[in-house]
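S.K.: what would the 3D arrangement of this be:
(chains A and B)
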Amino acid sequence: MARVPKLAPLPLPPSAEGVQERPGKQQEAAHDRELVRAAQADDKEAFEELVRRHQHRVLAVAGGILRRREDAEEIAQQVFLKAYFSLKRFDQRAAFSTWLYKITVNECWDMLRKKKVRPLVYEADMSEEQAHQVLASEEKGSTAPDISERLEARQRVERLLEGLDERDRLMLILKEVEGFAIEEIAEAVDLNANTVKVRLFRARRRIVALARKRGD
Amino acid sequence: MWNLLKRNREECSQFQEALEAAADFASVALTPGELFAALSLPCQKHAESCAECHAAIEELLSARALLRALPPLSKTPAPWFAPRVMAAIAAKEAELRRLGSPWAAVPRFASRLALASAAMLLVVSTWVYERPVAVPAKQPSADAAPESLFDSSQPALSQDDVLVSLAERAQ
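M.R.: So this is what the prediction gives:
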């Protein structure tokens, strides 16, 4: 019986290799550490700077789970409050962003448990602000579909996302909607990068299969 | 045959990883051409020869196109957010300071304090109402003096007189 020759791994594209170690990522982490140290010494401006630097990411993770802007903002505020009052206990063994993501994910699951609602948005849940957001997120032009079509498309996608596992849904939203890098998603969901890649691959396959099944 | 299948499977799983890395890099790619350009040559060759992996590229792009319908939350600027968080922190700190002062205990224990006061009041009022009233001792006074003037006061008997009267009764 012939032995299977050992495969040379398919190389990553040269351009994609840089994705694993983003330029400036380490400097950002170093700056975060300095700001955390200052905030631990009761420097409120340093903490405000940390809030500014991480608010978008925290909002994105919360939004990825809760899918309602109001809820995501409420949770994001709670996350920073919690972080501020526990900052003295944070020993910086993990990155500040990782710590923040963990608090965010826990707060979101807590909120869902308390509310006992499904984290998906339907027509009745959509606020006027969200409707404007949908409108603003699309390119303006004469050929652009009107707002009701966009809202309909959005609801269709939300329903499709319902067919995914909660964590896969979060990963897919963070990747394709919020523009997170694989390593950032791995940090947020506490998985290694390879697992994230495999799960993203499967989640995409599943959502496309669901869309085909429903005739979208 | 089996070996060839196994080899293909390994190549496919490596391709999946490479595809995700390419998708990560070309995060806005919406056409197969754009995504292909982000793949290495061996990966491109594999995708051309493997129908399943070729379909994976199309699935990735379809999923991406579908998810474009969702508005990103993190892209919306919120300049008011950080000041709002800092205001909430200041409010919480003020609340904690207030809770630390001794007067803060008053509202916390108000109900128990009210209950204890009510119980004490009840006990005291019951005791006041039920306490034995002390009868004032009779003392000779000026008012009593005229009555005593008309009393037929008998001279007190001496011990001997008592004994004599007892002896007389016995007889």
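
S.K.: pretty sure A:Ile173 is in contact with A:Val61, am I right?
M.R.: No: contact criterion C-beta atoms under 8 Å: A:Ile173 and A:Val61 do not qualify, at 9.3 Å. No exception for glycine: its C-beta is placed from N, CA and C like everyone else's.

S.K.: more neighbours: those two, which one.
M.R.: A:Val61 (34 against 26; other C-beta atoms under 10 Å in any protein chain shown).

S.K.: what helix or strand is that one on?
M.R.: Secondary structure assignment for A:Val61, by DSSP states H and E: helix A:44-66.

S.K.: any bit of the helix or strand following that helix sitting next to chain B?
M.R.: Next along the chain after helix A:44-66, taking DSSP H and E as the criterion, comes helix A:69-86. Yes: residues of helix A:69-86 are located near chain B by C-beta under 8 Å from any C-beta of the partner chain, namely A:69, A:72-73, A:76-77, A:80-81, A:84-85.

S.K.: just the buried residues of the one helix or strand B:Leu99 maps to, please?
M.R.: Per DSSP H and E, B:Leu99 falls inside helix B:81-100. By 16 or more other C-beta atoms under 10 Å in any protein chain shown, the buried positions in helix B:81-100 come out as B:81-82, B:85-86, B:89.

S.K.: could you chop the chain up by domain?
M.R.: As the question left the chain open, I've gone with chain A. Chain A breaks down into these domains under automatic domain parsing: A:25-119, A:146-216.

S.K.: please go with chain B instead
M.R.: Following automatic domain parsing, one gets these domains for chain B: B:11-67, B:81-128.

S.K.: for the helix holding B:Leu99, packing partners?
M.R.: When contacts are defined as 3 or more C-beta pairs under 8 Å, 6 or more residues apart in numbering or on different chains; DSSP states H and E, helix B:81-100 packs onto helix A:44-66, helix A:69-86.

S.K.: export those helices as CSV, with columns for mean pLDDT.
M.R.: What follows is the helices and strands packed on helix B:81-100, written out as CSV (pLDDT from 0 to 100):
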stretch, mean pLDDT
helix A:44-66, 92
helix A:69-86, 92
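
S.K.: show me the contacts for A:Glu187.
M.R.: The neighbourhood of A:Glu187, defined by C-beta atoms under 8 Å, 6 or more residues apart in numbering or on different chains, consists of A:95, A:97-98, A:101.

S.K.: same question for A:Arg52.
M.R.: B:Ala82.

S.K.: and B:Leu113, by the same measure?
M.R.: B:Val106.

S.K.: which SS class is it?
M.R.: Three-state assignment for B:Leu113 (DSSP: H, G, I helix; E, B strand; the rest coil): helix.

S.K.: out of the residues of helix A:69-86 next to chain B, who's the most crowded?
M.R.: The most crowded member of those, judged by other C-beta under 10 Å, is A:Ala76 (30 neighbours).

S.K.: in contact with that one, which residues?
M.R.: So A:Ala76 contacts A:55, A:58-59, A:62, A:104, B:81 (C-beta under 8 Å, 6+ apart).

S.K.: show me which pair in those residues is furthest apart.
M.R.: A:Thr104 and B:Phe81 (14.1 Å; C-beta to C-beta).

S.K.: where does the chain dip in pLDDT?
M.R.: No chain was given, so I picked chain A. Within chain A, the ranges that satisfy pLDDT under 70 run A:1-23, A:116-145, A:216.

S.K.: if you could check chain B rather than the one you did, that'd help
M.R.: B:1-8, B:27-30, B:76-77, B:104, B:135-157.

S.K.: any idea which residue sits dead centre in it?
M.R.: Geometric centre of chain B, nearest residue: B:Arg108, 13.2 Å, by C-alpha atoms, centre = their mean.

S.K.: so where does that residue fall, helix or strand?
M.R.: Applying DSSP H and E, one finds B:Arg108 within helix B:105-130.

S.K.: and the angle from that helix to helix B:81-100?
M.R.: Angle between the axes of helix B:105-130 and helix B:81-100 is 30 degrees (criterion: axes from the mean of the first three to the mean of the last three C-alpha atoms, to 10 degrees).

S.K.: list the buried residues of helix B:105-130.
M.R.: Under 16+ other C-beta under 10 Å, helix B:105-130 has no buried positions.

S.K.: give me the contacts around the helix holding B:Leu99.
M.R.: Outside of helix B:81-100, the residues within contact range by C-beta under 8 Å, 6+ apart are A:44, A:47-48, A:51-52, A:55, A:59, A:73, A:76-77, A:80-81, A:84-85, B:104.

S.K.: most widely separated two among those?
M.R.: A:Leu59 and B:Ala104 (34.6 Å).

S.K.: specify the local secondary structure of B:Ala69.
M.R.: coil.

S.K.: tell me which of the helices and strands packed on helix B:81-100 is the most buried.
M.R.: helix A:44-66 (a mean of 22; mean count of other C-beta atoms under 10 Å in any protein chain shown).

S.K.: centre of the chain to that helix, how far?
M.R.: On the basis of C-alpha atoms, centre = their mean, to the nearest Å, helix A:44-66 sits 12 Å off its chain's mean C-alpha point.

S.K.: next: stretch A:36-55.
M.R.: In terms of C-alpha atoms, centre = their mean, the centre of stretch A:36-55 is found 22 Å from the chain centre.

S.K.: and the end-to-end length of it?
M.R.: End-to-end span of stretch A:36-55 (C-alpha to C-alpha, to the nearest Å): 15 Å.

S.K.: tell me how many other residues surround residue 159.
M.R.: In the absence of a named chain, chain A is used. Neighbours around A:Arg159, by other C-beta under 10 Å: 15.

S.K.: try again with chain B
M.R.: So B:Gln159, with other C-beta under 10 Å, has 7 neighbours.

S.K.: what sits against the closest residue to B:Glu59 other than its chain neighbours?
M.R.: Leaving aside its chain neighbours, B:Glu59 sits nearest to A:Val208 (4.6 Å; criterion: C-beta to C-beta, 6 or more residues apart in numbering or on different chains). Under the criterion of C-beta under 8 Å, 6+ apart, the neighbours of A:Val208 are B:59, B:62-63, B:66.
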